[in-house]
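Peer 1: Here is my input; please provide its structure:
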Amino acid sequence: MKIRFGYVSQSMSLWDASPSKTITYTRYKELSSSDRKEKLLAVTAANLDHTERMLHYNIAHQIELYRFSSSLVPLATHPEIRWDFLSPFQDKWREIGGLVKKHRLRVSFHPNQFTLFTSPREKVTKNAVIDMDYHFQMLEAMGLEKESLINIHIGGSYGDKESALGRFRVNLKTLPSKIKAIMTLENDDKTYTAHETLRICQKEGIPLVFDYHHHMANQGEDEASLEALLPEIFNTWEARDVIPKIHISAPKSSSAFRSHADYVDLEFIKPLLDILRSINQDVDFMIEAKRKDYAALKLVEDISRIRGVKRISGASIEWCQAPSRIRETK
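Peer 2: Model (predicted):
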């Protein structure tokens, strides 16, 4: 069994490398017409440059998983602006995509919590389609639209989960098929459990990105055991023929269980590792801890100390034998 590790958006190791610099709409309106365009171009250029720096850092450290920032382009989906962020940066988009392809990195996007398809309001659904299209356009510009994923949550329940889930399936029909073909769904920490998300994924033919921390924070009374649930979740990935992805983080504290800690406590995820090892399932771990790349690389080191585990690159490990339970360390 092999596990690769990655992180979200910004390397903490690099100085001044935020790929999410922005400009507020209020500030934008205060600028002159010429300054508005110049500011949008300057901020986007900085975000793309920082993203490229991040990719070079990942390549040097053999980190094969990376989630792009959804905020690469300021005000990209604002209804009063909707500017052309592709043409001015054609070469840079292609350059970034070329790096990803050359080094066989696995990249993705994760739109924010407002990108949802369960709302009874038509405007919310239209905005969700616009946001999904924005992410798809960036992948197209990089030439990565056939090998990347866009991950979202199901959304709100609006006091009636079954009605909301029915609305989700109806509203999802407004999403262009080429975008739906690369989307994934994730269980969340308050509303839709892994089991409920799995039901939708199975009906819609969408892979499920399992979030272990969310699962530990939000399980239904009829939730199947993790041993029974995980194989079904992994089956949702078969049609895409890619390695299943799991989101990994740990609670900040017992009183702030849903909040992410700086690092990932190995003890917290050992039950998950036990199950993965027992079914010999290759997976990719996207680390969502606050310390990002530091947390990812530390977890690689921590797991590498387990008896039977071999570190095979900067950010990947392989189990060489099958202990019944993870207990002993080297």
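
Peer 1: going forward, measure contacts and count neighbours with C-alpha atoms only.
Peer 2: OK.

Peer 1: ok, and the helix or strand in this structure with the lowest average confidence?
Peer 2: Within the chain, no helix or strand scores below helix 25-30, which has a mean of 92 by mean pLDDT, DSSP states H and E.

Peer 1: Buried ones in that helix, by neighbour count?
Peer 2: Y28 (16 or more other CA atoms under 10 Å).

Peer 1: now stretch 158-171
Peer 2: Neighbour counts over stretch 158-171 (16+ other CA under 10 Å) mark 164-165, 168-169, 171 as buried.

Peer 1: Repeat that for stretch 76-90.
Peer 2: Quick answer for stretch 76-90 (16+ other CA under 10 Å): 76-77, 85-86, 89.

Peer 1: what about I287, how many residues close to it?
Peer 2: Look at I287: counted by other CA atoms under 10 Å, it has 28 neighbours.

Peer 1: who touches it in this structure?
Peer 2: 5-8, 247-249, 295-296 (CA atoms under 8 Å, 6 or more residues apart in numbering).

Peer 1: Show only the entries of those found in helices.
Peer 2: The helices, defined by DSSP state H, take in 295-296 from the contacts of I287.

Peer 1: Of the contacts of I287, which belong to strands?
Peer 2: Judged by DSSP state E, the subset of the contacts of I287 located in strands is 5-8, 247-248.

Peer 1: I'd like those residues laid out as JSON lines, including distance to L41, pLDDT and neighbour count.
Peer 2: Output for the ones in strands among the contacts of I287, formatted as JSON lines (distance: CA to CA, whole Å; pLDDT from 0 to 100; neighbours: other CA atoms under 10 Å):
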{"residue": "F5", "distance to L41": "33", "pLDDT": "98", "neighbour count": "28"}
{"residue": "G6", "distance to L41": "29", "pLDDT": "98", "neighbour count": "29"}
{"residue": "Y7", "distance to L41": "27", "pLDDT": "98", "neighbour count": "28"}
{"residue": "V8", "distance to L41": "24", "pLDDT": "97", "neighbour count": "23"}
{"residue": "H247", "distance to L41": "33", "pLDDT": "98", "neighbour count": "20"}
{"residue": "I248", "distance to L41": "35", "pLDDT": "98", "neighbour count": "23"}
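
Peer 1: With respect to E204, which of these is nearest?
Peer 2: Of all those, H247 has the smallest distance to E204: 21.2 Å, by CA to CA.

Peer 1: Go ahead and confirm that closest one touches D188.
Peer 2: No - using CA atoms under 8 Å, H247 makes no contact with D188, being 10.9 Å away.

Peer 1: list residues touching both of those two?
Peer 2: The contact sets of H247 and D188 overlap at D211 (CA under 8 Å, 6+ apart).

Peer 1: What are the boundaries of the strands in the protein?
Peer 2: Ranges of strands within the chain are 2-8, 65-67, 106-109, 149-153, 183-186, 208-211, 245-248, 283-287, 309-313, 316-319, based on DSSP E.

Peer 1: possible to save those strands as a markdown table with distance to I269?
Peer 2: A markdown table is the format used below for the strands of the chain (distance: least, CA to CA, whole Å):
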| stretch | distance to I269 |
| --- | --- |
| strand 2-8 | 13 |
| strand 65-67 | 19 |
| strand 106-109 | 23 |
| strand 149-153 | 22 |
| strand 183-186 | 18 |
| strand 208-211 | 11 |
| strand 245-248 | 8 |
| strand 283-287 | 11 |
| strand 309-313 | 15 |
| strand 316-319 | 15 |
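
Peer 1: how about those, which one is nearest P120?
Peer 2: strand 149-153 (16.2 Å).

Peer 1: Check the gap between the closest residue to I154 other than its chain neighbours and E288 for me.
Peer 2: Sequence neighbours aside, L116 is the residue nearest to I154 in space, at 6.2 Å (criterion: CA to CA, 6 or more residues apart in numbering). Going from L116 to E288 by CA to CA, to the nearest Å gives 21 Å.
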